[in-house]
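**Q** mind looking at a prediction? Sequence and model below.
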Amino acid sequence: MKLYIIANRLPVKVQQDAEGNFSFERSEGGLATGLSSLNSEMDTHWVGWPGIFVEDPTQREAITRDLEKLNFHPVFLTEAQIQNYYEGYSNNTIWPLCHYFYSYIVYDADYWAAYKEVNELFCTEVTARIKPGDIAWVHDYQLMLLPRMIREKVQDLSIGYFHHIPFPSYELFRVLPERAELLQGLLGADLIAFHTHGYMRHFISTIERVMGLGVMLDRFLHGNRFVYVDVLPMGINYDLYNQAILKPAVQQKARAFRNNYGEHKLILSVDRLDYSKGILHRLKGFARFLEQHPGYHEKVSLVMVVVPSRDSVEMYAKLKRHIDELIGSINGRYSTINWTPVFYFYHSLPFEELVALYHIADVALVSPLRDGMNLVAKEYVAAKRNSPGVLILSEMAGASTELSAAIIINPNDINQISDSLQKAIEMPVEEQLANLHLMQSLISRHTVHRWAYNFMDKLQHIRQINIENIKKRRVGQTAERLRRC
Ligand code: GDG
């Protein structure tokens, strides 16, 4: 039995030498790490876009051969396909829809055509390899049509789908012209899972209303199969973050940062550049805090890491300009010879620097306006190995359902951000440690490995239920026929 993990991007780092040849190295993102624990139990393969544009068929073949050594199977896409399927339908239509940015949704027939076309390309790649009895695990909103496409081509497969971003309420999802096609696509899966109960409830009500299917607690009867829905919050590789500070390279970075920032209290924020992350709200909250608490001037700094993303797209470029301007105005207004209120990094940091910052930061301010889960919040808590720290977390992040010992805020309330900063900075150390301990005991058990294991376990259980169900129905139908005779 083989497991096919299908995601928009293959977990590879691509390098190109002076002659233009590509080389590939595994990259261990959260998903890849979690799923790597399944390798020992199953022959695991990945299908996804390799992250480069290659048109030449000979070069494509050579790359395919290279990647197959890693059990990776590339789906090559053109620049136009990435533009319309990825940037377009995925990120300009589904992303704002699922993050409640109604007015940012772009409706474009070319986007939708490319989305279908690319989902078909993924289907072709998967179905060329997958065999009856195998498992396909499809990830995220870029591939919502794929479960059904695969099922129509290959019978007797277990197909799972995990939705990494929020699933919005029916009232929002219904605005999408392609709502029924997307849901039909998902119903090709045996198991559809979400980070929170809220997302699952929205999904169930959307299926009931758009597709007219009746739900029985956590399943729908769809044709001769049950389709299950479940809540499986994704975790992190806890030990990686918890033990990071034991590494000399990380200790050295932590010391260097501490020397650099002096004795100031440090508030940390880490995000990809995106309007859903609430970066401007956070800056306004920090500015309000400085305005309301002059006693903390020269005593507290915000370290803001923003990872560049889509900044060639006007909406993102505009957001970046606003962030730059707001940081400029805060620093311009409050900086002194001894103090910079906001340290701003507009680039990603190496892992060692990121965890060193997690370790030394007195406060992590995680304030997305909407976020499927938010792994940064969990990583910060994990990295606090016996050292104090306070997590301020938006109630709009999926992670807030598990990390309830954080200071939970509504990110739209600028005064509340300011108040929560004061509360965090003034919190007694014993209380900080007690809160961290509560959260650590949960996230050290609910790791990404356990998440992957639970998903697979549930999928296999459903397979048995569906096999039994089909058998029973057959027996029932035969009995009915005999009775009629
Ligand atoms: C989706 C959902 C959901 C960030 N900056 C740096 C860096 N990072 C790493 C963090 C973390 C990851 O990136 C971002 O985590 P998110 O949770 O925001 O996940 P995404 O992949 O963006 O998005 C999200 C997630 O899927 C999982 O289901 O939580 O809600 O949108 O791991 O550590 N890593 C390094 N340097 C950086 O500067 N090395």
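**A** Looks like it came in fine.
**Q** host element of D66?
**A** D66 belongs to helix 57-68 when elements are defined using DSSP states H and E.
**Q** so what's the residue in the stretch 201-350 of the chain that the ligand sits nearest to closest to, chain neighbours aside?
**A** Closest approach between the stretch 201-350 of the chain and the ligand, counting by C-beta to the nearest ligand atom: S348, at 3.4 Å. C-betas here are computed from N, CA, C, even on glycine. In this structure, S348 finds its nearest non-sequential neighbour in V307, 4.5 Å apart by C-beta to C-beta, 6 or more residues apart in numbering.
**Q** quick one: contacts for that neighbour?
**A** Contact analysis of V307 by C-beta atoms under 8 Å, 6 or more residues apart in numbering lists V270, D271, R272, L273, H347, S348.
**Q** so what's the spatially most central residue of the chain up against?
**A** Central residue of the chain (C-alpha atoms, centre = their mean): H164, 4.7 Å from the mean position. With contact set as C-beta under 8 Å, 6+ apart, H164 has these partners: H139, D140, Y141, H195, M234, G372, M373.
**Q** if we use 7 Å, what do you get?
**A** Applying C-beta atoms under 7 Å, 6 or more residues apart in numbering, we find H164 in contact with H139, D140, G372.
**Q** go on, L3?
**A** L3 neighbours (C-beta under 7 Å, 6+ apart): L38, M42, T44, I135, W137.
**Q** against V448, how distant is the closest residue to K153 other than its chain neighbours?
**A** Excluding the flanking residues, the one nearest K153 by C-beta to C-beta, 6+ apart is T127, at 4.4 Å. Using C-beta to C-beta, to the nearest Å, T127 is found at 28 Å from V448.
**Q** with L70 instead?
**A** Counting by C-beta to C-beta - L70 and V448 are separated by 20 Å.
**Q** got the buried residues for stretch 59-67?
**A** I63, D66, L67 (16 or more other C-beta atoms under 10 Å).
**Q** for stretch 349-363, same thing?
**A** Neighbour counts over stretch 349-363 (16+ other C-beta under 10 Å) mark E352, E353, L354, V355, A356, L357, Y358, H359, I360, A361, D362, V363 as buried.
**Q** I'd say Y170 and T206 touch.
**A** Yes. Counting by C-beta atoms under 7 Å, T206 is a contact partner of Y170 at 4.5 Å.
**Q** quick one on the thing from earlier: want to try JSON lines for the buried residues of stretch 349-363, with pLDDT, distance to N469 and secondary structure as columns?
**A** Formatted as JSON lines, the buried residues of stretch 349-363 follow (pLDDT from 0 to 100; distance: C-beta to C-beta, whole Å; DSSP: H, G, I helix; E, B strand; the rest coil):
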{"residue": "E352", "pLDDT": "96", "distance to N469": "51", "secondary structure": "helix"}
{"residue": "E353", "pLDDT": "97", "distance to N469": "52", "secondary structure": "helix"}
{"residue": "L354", "pLDDT": "96", "distance to N469": "47", "secondary structure": "helix"}
{"residue": "V355", "pLDDT": "97", "distance to N469": "47", "secondary structure": "helix"}
{"residue": "A356", "pLDDT": "97", "distance to N469": "53", "secondary structure": "helix"}
{"residue": "L357", "pLDDT": "97", "distance to N469": "51", "secondary structure": "helix"}
{"residue": "Y358", "pLDDT": "97", "distance to N469": "47", "secondary structure": "helix"}
{"residue": "H359", "pLDDT": "96", "distance to N469": "51", "secondary structure": "helix"}
{"residue": "I360", "pLDDT": "96", "distance to N469": "55", "secondary structure": "helix"}
{"residue": "A361", "pLDDT": "98", "distance to N469": "51", "secondary structure": "coil"}
{"residue": "D362", "pLDDT": "98", "distance to N469": "55", "secondary structure": "coil"}
{"residue": "V363", "pLDDT": "98", "distance to N469": "52", "secondary structure": "strand"}
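**Q** of these, closest to I245?
**A** In terms of C-beta to C-beta, no member of those lies closer to I245 than H359, at 5.0 Å.
**Q** neighbour-wise, which of L70 and V448 wins?
**A** Counted by other C-beta atoms under 10 Å, L70 and V448 do not tie: V448 has more neighbours, with 24 against 15.
**Q** what residues are up against the more buried one?
**A** Counting by C-beta under 7 Å, 6+ apart, V448 has contacts G30, T33, G34, M234, G235, I236, N237.
**Q** so the third one: helix, strand or coil?
**A** What that stands for is G34. helix (DSSP: H, G, I helix; E, B strand; the rest coil).
**Q** and the lowest-mean-pLDDT helix or strand in the chain, what other elements does it pack with?
**A** For the chain, using mean pLDDT, DSSP states H and E, the weakest element among its helices and strands is helix 30-36, scoring a mean of 75. In terms of contacts (3 or more C-beta pairs under 7 Å, 6 or more residues apart in numbering; DSSP states H and E), helix 30-36 is packed against helix 448-484.
**Q** so does the helix it packs on get close to the ligand?
**A** No. Using C-beta under 6 Å from any ligand atom, we find that helix 448-484 stays clear of the ligand, coming within 9.1 Å at best.
**Q** returning to what we had before: output the contacting helices and strands for the helix holding D66.
**A** Secondary-structure packing of helix 57-68 (3+ C-beta pairs under 7 Å, 6+ apart): strand 22-26, strand 72-74.
**Q** reformat those as CSV; add mean pLDDT.
**A** Shown next, in CSV, are those (pLDDT from 0 to 100):
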stretch, mean pLDDT
strand 22-26, 87
strand 72-74, 97
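**Q** tell me which of these sits most buried.
**A** Mean neighbour count (mean count of other C-beta atoms under 10 Å) peaks for strand 72-74 among these, with a mean of 22.
**Q** who's in contact with that strand?
**A** L10, V12, H45, W46, V47, P50, I63, T64, L67, E125, R129.
**Q** what are the phi and psi values at the first one?
**A** Note on L10: its backbone torsions stand at phi -70, psi 150 [degrees, to the nearest 10].
**Q** could you do the fourth one as well?
**A** The phi and psi torsions at W46 (degrees, to the nearest 10) take the values phi -120, psi 140.
**Q** that one pairs with what?
**A** I5, F72 (DSSP bridges).
**Q** give me the number of neighbouring residues for it.
**A** The local packing of W46 (other C-beta under 10 Å) involves 23 other residues.
**Q** for it, give me its contacts.
**A** W46 sits in contact with I5, L10, P11, N71, F72, H73, where contact means C-beta under 7 Å, 6+ apart.
**Q** of all these, which comes closest to the ligand?
**A** For the contacts of W46, the nearest to the ligand is P11 (11.7 Å; C-beta to the nearest ligand atom).
**Q** the closest one contacts A32, correct?
**A** Yes. Taking contacts as C-beta under 7 Å, P11 lies within contact range of A32: 3.8 Å.
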